[in-house]
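A.B. asks: turn this into a structure:
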Amino acid sequence: MKVVIILIKKNIKNDEIKNLLSNQKGMALLTTLIFVFILVTFGVALLTMTGNDIKLSALQRDSTEAFYIAEAGIDKALWYLNTPKDNGGEGLEWRTNEYRESYPAVSNNYYQLTVVTEQDIIKITSRGVVSDGNKVYGSRKIEVKAKKAICPSHTSPSSVYKYAISTEGNLTFSGDVVIDGDVHSDGNISAGPLVSPVTGEATASGGTNELGGANYATQMYPKIDFEYYKGLAVANDTYYLGLKVFDTVETITGIHFIEGDVEIKKGADLEIIDGTIFATGTITVISTPKIRRNQTAGYDNPLAIIAKGDITLLADVHIEGIVQTEGEIKIRSVQSLITVYNGAVIADVIVNLEGSGDYGIDISHDPNLSVENIIGTGIEIYKIISWQEID
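C.D. replies: Below is the predicted model:
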């Protein structure tokens, strides 16, 4: 009897265990909760990623806009530098430690500029900023370096030689001097009592003009592209490094480019046929040599003697064409007659003419130069030589 009761209880217990294991009530709810949790987690992650993408896109947009604003600042700086004040710019000598301008004009965005000199180049830094007036959303900075170069111009009056004499400094006459054509000084004009009248108009931008002409605004004239002519001389094997001395009877043809000084001494009888002497240093004619520059009918380049340094003529010289320098020109007749025929005399610094005794200085302007654009000359501007983005 006891055995039967034990077996019955054992069977009942086994049935209870089977029923507990086979009972599925509550599993659907648990599964649903787990699935909902996964969906919520995925949704939160998706929203977070979307929000981050939106923020990154906004940052990228503001950063890109700041970059273009910085580039606009570089363009504006170059425009200011390469445009004369008379035309709304600032000119080649413009420098600034901090210049700020809104871009676009009606926005809170802006660029900040600095323009400083570094040896023979300038460094322009432009920082572009995207802002709402209180908070900065984007900022990029660009730095470029620029160097003076010659830009050919076939439309501007400043790209032609319209004066017999022109200088950015003072113009001084004394003794026996005759000028056939107009003259201009961006400084003052002074004249001694023996000076013959200029056949054309004598104008000056400074406060003194002893020849009585008008007080004109600052004038421009063509600049020489030395690198262009250096390249031609190298190609023609007429490029020289160091001091070049002429002291014998010699005839040269074509472009001769001297990386240094030129001296034309006593005993020299130098004839230049269809050619030009360029020097990165000074050109000095001393004692009583003879220089004759002859142009054939087919030669279309009137440049004769060109230098970056001073040009000094102290001897019997006859030049046909243009005498030009980035320095000072001093022409002094000493027991000789100095003539510049059908050309022009141009100096960045000063022109000093001194005729003496029975001898003098005679300069005549070629009217064709007033309308002729000469290859290898043009307007001086700044051109970019390097570009980089900086922090």
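A.B. asks: which phi and psi does Tyr359 have?
C.D. replies: Phi and psi for Tyr359, reported as degrees, to the nearest 10, are phi -110, psi 170.
A.B. asks: and for it, nearest residue in space, chain neighbours not counted?
C.D. replies: Spatial nearest neighbour of Tyr359, excluding adjacent residues (Cβ to Cβ, 6 or more residues apart in numbering): Ser333 at 4.4 Å. For the C-beta atoms, the positions are set from N, CA and C on the backbone; glycine is no exception.
A.B. asks: tell me who's in contact with that neighbour.
C.D. replies: Counting by Cβ atoms under 8 Å, 6 or more residues apart in numbering, Ser333 makes contact with Gly175, Asp176, Glu354, Gly355, Ser356, Gly357, Tyr359, Gly360, Ile361.
A.B. asks: for the first one, which non-adjacent residue is closest in space?
C.D. replies: Using Cβ to Cβ, 6+ apart and skipping residues adjacent in sequence, the residue nearest Gly175 is Gly355, 3.5 Å away.
A.B. asks: quick one, what contacts that neighbour?
C.D. replies: So Gly355 contacts Ser174, Gly175, Asp176, Val177, Leu194, Ser333, Ile361 (Cβ under 8 Å, 6+ apart).
A.B. asks: state the number of residues packed around the third one.
C.D. replies: The burial count assigned to Asp176 is 21, neighbours taken as other Cβ atoms under 10 Å.
A.B. asks: and if you look at the first one?
C.D. replies: If you count neighbours by other Cβ under 10 Å, Ser174 ends up with 18.
A.B. asks: stretch 40-53: how far from the chain's middle?
C.D. replies: Distance of stretch 40-53 from its chain centroid, counting by Cα atoms, centre = their mean, to the nearest Å, is 52 Å.
A.B. asks: hmm, who's touching that stretch?
C.D. replies: Contacts for stretch 40-53 (Cβ under 8 Å, 6+ apart): none.
A.B. asks: just stretch 307-314 next, same as before
C.D. replies: With Cβ under 8 Å, 6+ apart as the test, stretch 307-314 has contacts from 226, 261-262, 278-287, 305, 323-332, 334, 338, 347, 349.
A.B. asks: surely Ile379 and Ile150 touch.
C.D. replies: Yes: using Cβ atoms under 8 Å, Ile379 is in contact with Ile150, at 7.2 Å.
A.B. asks: tell me, what's touching these two both at once?
C.D. replies: Common neighbours of Ile379 and Ile150 (Cβ under 8 Å, 6+ apart) are Lys223.
A.B. asks: can you tell me how far the closest residue to Ala149 other than its chain neighbours sits from Lys76?
C.D. replies: Take Ala149 and drop its neighbours on the chain: the residue closest to it by Cβ to Cβ, 6+ apart is Lys383, 4.3 Å away. Per Cβ to Cβ, to the nearest Å, Lys383 is found 16 Å from Lys76.
A.B. asks: between those two, which one's more packed in?
C.D. replies: Lys76 (17 against 12).
A.B. asks: what segments of the stretch 251-391 of the chain are helices?
C.D. replies: Assigned by DSSP state H, counting those that start in this stretch, the stretch 251-391 of the chain shows no helices.
A.B. asks: which parts of it are strands?
C.D. replies: In the stretch 251-391 of the chain, the strands defined using DSSP state E, counting those that start in this stretch lie at 262-264, 269-279, 283-285, 290-294, 303-307, 311-313, 317-325, 328-332, 338-347, 350-354, 361-365, 377-390.
A.B. asks: what's next to stretch 215-232, contact-wise?
C.D. replies: If you take Cβ under 8 Å, 6+ apart as the criterion, stretch 215-232 is touched by 84, 86, 149-150, 158-163, 166, 184, 186, 203-205, 209, 239, 255, 257, 259, 276, 278, 280, 303, 306, 308, 324, 326, 346, 374-380.
A.B. asks: what bridges to Ile381?
C.D. replies: Per DSSP bridges, the residues bridged to Ile381 are Ala149.
A.B. asks: so how far is Lys148 from it?
C.D. replies: From Ile381 to Lys148 the distance is 7 Å (Cβ to Cβ).
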